[in-house]
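K.L.:
Task: produce atomic coordinates for the following.
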Amino acid sequence: MQIDWRVRGRLLPQAEVRRILRAALNHGRREGIALTVVFLTDAALARMHERWLADPSPTDVITFDLSDEHSQAGELYISATRARRVAAERGVDARRELALYLVHGALHLCGHDDHQVRARARMRVAERTVLRALGYPDDTLPHP
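P.N.:
Below you'll find the model as predicted:
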C-alpha cells in the first residue's frame, strides 16, 4: 500500500490509514488489492473530478479501480482539506471524517455504489460497520 500526502499536516498516522483501509477492504473481500492513496487539497481534487468525471464540483473522494484479469489494483484520491473543513463546519473530529472518506473510497473498490437510494443505504451501513469495528464513534449529524 502506497500513501502520498500532498497536503500539509497529516490528520492520521500512516499506520492508522493502513489499518482503516485494510478493515474496509477486508469487509468488502478485496484484501489482496494493490492500493495507492493520495491525499490532496480540495482544489486539486476538484480539478481531477472535472478532468476524469466531467464534473467541476468539489468532492471528497475519487476512486479508480485499475484491476484487470492479471492483477487487482486501485487508487484513491482524497481531499484532506475537505475533511478538515467539513469536520469544523459540523463540529466533529477531522480524523473521523477522514477515516470515513478512506472507508468510503475503499468500499467503492469493493463494488459498493452510492448513486441509487438503496445502494447508498447499503453503503452507509457498510461504512458504519467498518468504522465501528475500528473504534470510531457513530456520526449522528446529517452529512452533506
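K.L.:
doesn't residue 45 make contact with residue 56?
P.N.:
No - at 11.3 Å, residue 56 and residue 45 do not qualify as touching, with contact defined as C-beta atoms under 8 Å. (Each C-beta comes from the backbone N, C-alpha and C, glycine too.)
K.L.:
Can you pick out the residue with more neighbours from these two?
P.N.:
Higher neighbour count among residue 56 and residue 45: residue 45, with 23 against 10, using other C-beta atoms under 10 Å.
K.L.:
Are we agreed that the more buried one is in a helix?
P.N.:
Yes - Residue 45 forms part of a helix when assessed by DSSP: H, G, I helix; E, B strand; the rest coil.
K.L.:
How about the contacts made by it?
P.N.:
Contact analysis of residue 45 by C-beta atoms under 8 Å, 6 or more residues apart in numbering lists 58, 59, 60, 62, 77, 78, 79, 82.
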